[in-house]
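In: Structure, please.
(one chain, ligands or ions: 2)
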Amino acid sequence: MSDASYRDAIFSTPLDRVARFSFDERVVACFPDMIRRSVPGYGQILGMLGLIAARHLRHGARVYDLGCSLGATGLALAGTLSPAAFRYIGVDLSPAMVARARETLTEECPDHAMEVIEGDIRTLEYAPAGMIVLNFTLQFLAPEDRDAVIQRLYQALEPGGVLVLSEKVKAADEQENAWLVERYHDFKRANGYSEMEISQKRTALENVLIPDTLEGHHERLARAGFARIHTWFQFLNFASLIAFKDCR
Ligand SMILES: Nc1ncnc2c1ncn2[C@@H]1O[C@H](C[S@+](CC[C@H]([NH3+])C(=O)[O-])CC(=O)[O-])[C@@H](O)[C@H]1O
Ligand SMILES: O=C(O)C(=O)Cc1ccccc1
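Out: Numbers count the residues shown, from 1 in each chain. Ligands and ions are numbered 1, 2, ... in the order given. Below is the predicted model:
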């Protein structure tokens with residue numbers, strides 16, 4: 001079993017051609033370290049998911065975790081909620097991520113109902129769900145696919161259901177955006193990334209991770225039909241929103 005976790009050194013050596021970033025075996029091996037050192041507030045967002053579910057999830061309802069990577073959301077929920085409280089369904093397109101997530105969740109949460117599906121969140125047939133988590137995944141879809149996905153998720157949610165959407169965001173104001181990006185790079189430096197790692201990662205993510213503005217997210221969620229939308233977390237250019245489907 002390959003449950004070792006390594007320090008992220010993917011962009012630590014000079015590359016003559018920086019390849020597009022992809023979620024392959026090399027990334028899986030260092031993913032927990034990478035996401036913790038690269039996403040301001042990641043641990044706090046995960047910690048709140050269980051508390052949000054405890055308040056808003058119908059007992060026993062399905063929870064989808066879309067772009068689940070190694071199943072961190074599943075682990076966080078299982079750490080807070082009883083086995084009868086929810087059924088977890090993680091979905092990821094990367095076979096390497098799915099294999100590792102299945103191993104971890106089977107081992108760490110033997111009493112909870114934890115399923116991981118290898119699939120594309122754009123085309124998946126969704127069953128009715130009480131909560132859907134999109135943690136840093138929508139940003140990797142082509143911008144023209146994002147409206148349709150959010151509309152499908154709205155349809156899949158039960159009345160009273162919630163969508164939690166966490167994303168890297170951009171500020172509409174150029175100066176504000178530049179300041180946020182510079183401080184984000186300071187954050188990465190403070191977390192041990194070198195200038196070369198920061199700049200090569202930036203190149204690898206160009207045209208792969210395309211951030212929307214917070215206003216853009218609010219507008220898209222409203223267009224899909226969500227009754228109430230709150231930004232409940234922001235740390236530099238990283239934010240999390242919660243959207244409520246009306247009880248009818
Ligand atoms: N169309 C798609 N369908 C399914 N999965 C996809 C698709 N496109 C990308 N992915 C998957 O979305 C995940 C994004 S990571 C999410 C972190 C996690 N949520 C976490 O809270 O730890 C964020 C990051 O690494 O920056 C990857 O595992 C991709 O394989
Ligand atoms: O490393 C970066 O520069 C990133 O933006 C990485 C990232 C962003 C959002 C979620 C996970 C990783």
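In: Please name the bridge partners of the closest residue to R62 other than its chain neighbours.
Out: Once flanking residues are discounted, R62 sits nearest to A129: 4.3 Å by C-beta to C-beta, 6 or more residues apart in numbering. Heads up, the C-betas are built off the backbone N, CA and C, glycines and all. Legend: beta-bridge partners of A129 under DSSP bridges are L157.
In: contacting residues around whatever helix or strand T104 lives in?
Out: According to DSSP states H and E, T104 maps onto helix 95-108. For helix 95-108, the external contacting residues (C-beta atoms under 8 Å, 6 or more residues apart in numbering) are 1-3, 23-25, 27-28, 31, 68-71, 74-75, 78, 88, 90, 92, 112, 114, 116-118.
In: swap in stretch 63-71?
Out: Contacts of stretch 63-71 (C-beta under 8 Å, 6+ apart): 23, 28, 31-32, 35, 53, 57, 73-74, 77, 86-94, 97, 100-101, 104-105, 114, 116, 121, 126, 129-137, 140, 153, 156.
In: and it with ligand 2, contact?
Out: No - Stretch 63-71 is not in contact with ligand 2 by C-beta under 6 Å from any ligand atom; minimum separation 8.9 Å.
In: how far does that stretch stretch from start to finish?
Out: Start and end residues of stretch 63-71 are separated by 12 Å (C-alpha to C-alpha, to the nearest Å).
In: Does ligand 1 have contacts with it?
Out: Yes - counting by C-beta under 6 Å from any ligand atom, contacts between stretch 63-71 and ligand 1 involve G67, C68, S69.
In: what comes up buried for that stretch?
Out: V63, Y64, D65, L66, G67, C68, S69, L70, G71 (16 or more other C-beta atoms under 10 Å).
In: SS state for the third one?
Out: Under the three-state scheme (DSSP: H, G, I helix; E, B strand; the rest coil), D65 adopts strand.
In: Sticking with R36, tell me its helix or strand.
Out: Using DSSP H and E, R36 sits within helix 25-38.
In: List the contacts of L138.
Out: Residues in contact with L138 (C-beta under 8 Å, 6+ apart) are R146, V149, I150, L165, E167.
In: one more time with 6 Å
Out: R146 (C-beta atoms under 6 Å, 6 or more residues apart in numbering).
In: circling back to that earlier point, and ligand 1, which of the contacts of stretch 63-71 contact it?
Out: Within these, those near ligand 1 by C-beta under 6 Å from any ligand atom are 23, 35, 73, 91-94, 97, 121, 135-137, 140.
In: near ligand 2, which of those residues show up?
Out: Okay, of those touching ligand 2 (C-beta under 6 Å from any ligand atom), that's I35, F136.
In: Give me every residue in the protein that's in contact range of ligand 1.
Out: Residues of the chain lying near ligand 1 (C-beta under 6 Å from any ligand atom): 23, 35, 67-69, 72-73, 91-94, 97, 120-122, 135-137, 140-141.
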